[in-house]
Structures are given as C-alpha cells and as structure tokens.
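**Q** model the structure of this input:
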Amino acid sequence: MISSNTKVNDFLVDIQSTFPDSFETIEAIQTLFFEENSQLNDDIKYGGVVFNNVDKLIGGIYLYKTYLSIEFSHGATFEDPSNLLEGKGKLRRHLKIHRIEELESKNARFFIKQAVKTT
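**A** Sure thing, here's the model as predicted:
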C-alpha cells in the first residue's frame, strides 16, 4: 500500500528490501487500518508506522527480531473476550504477530475497529 506520507513510503521500502516477509504483513496490517477508516493519517514515530485519527495516536506497527507488534494506544479499554491482547500498561495493549496468518486467528481487524472508534 502506498502512503501519502513520504516518510512512511521510505520506511516501507527499507523494510521491503531488508525484511521482505515482514513487509507483506506490515502492508496487510496497514490495509486493515485504512479499510476501517480511510481518513487516518500514517506517520513514522518511535521506530514504526503509526496511525492517527484526528491528530490522536490510535496505534502502530513495530518490527521486532522475531515478530511484529500491532500496538493500540487505548487497548486496555478494548473488548477482548479471548484474551489475545498482551501488555500490562495503564492504557496500551498489543498483539504479537509472527506470521501473516495470525492476523485472522488473532482477530486483528476486531481490535483495529475498536482502535479507530476510540477517538
């Protein structure tokens, strides 16, 4: 997915050349965010791709050595009947994604929908 933000595009080109398997998953996550709200803005912050809704940070995608993390700024308030979200912070929660197939099995869209609605 091509972003309207040059910094995001440059970041994704770097990821694609160094971590091609992770790139496909990042692109799929990015698509999920924009399918839920096409008015989101993406940017690079804290070493990952972040998503803002009306200038409020709602979440992001971060690449680690063995997994990707989908971070949710207000994830502690989300409905999570299967206890899939991780983290013990006051507000933030995240999903660890090791393979693209986990986007479905960990119900990423369900949480992204909630993130988009928190603002």
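**Q** so the residue nearest to residue 60 when sequence neighbours are not counted, which of the three states?
**A** Excluding its sequence neighbours, the residue lying closest to residue 60 (C-beta to C-beta, 6 or more residues apart in numbering) is residue 50, at 3.9 Å. Quick note: C-beta positions are derived from backbone N, CA and C, even for glycine. Classification of residue 50 by DSSP: H, G, I helix; E, B strand; the rest coil places it in strand.
**Q** next, count neighbours for residue 50.
**A** 22 (other C-beta atoms under 10 Å).
**Q** bridging residues for it?
**A** residue 43, residue 60 (DSSP bridges).
**Q** per-residue confidence at it?
**A** Residue 50 is assigned a predicted lDDT (pLDDT) of 97.
**Q** isn't it up against residue 44?
**A** Yes: using C-beta atoms under 8 Å, residue 50 is in contact with residue 44, at 7.2 Å.
**Q** give me the common contacts of these two.
**A** Shared contacts of residue 50 and residue 44 (C-beta atoms under 8 Å, 6 or more residues apart in numbering): none.
**Q** next one: the residue nearest to residue 45 when sequence neighbours are not counted from residue 77, what distance?
**A** Distances taken as C-beta to C-beta, 6+ apart place residue 60 nearest to residue 45, at 7.1 Å, with adjacent residues excluded. According to C-beta to C-beta, to the nearest Å, residue 60 stands 17 Å off from residue 77.
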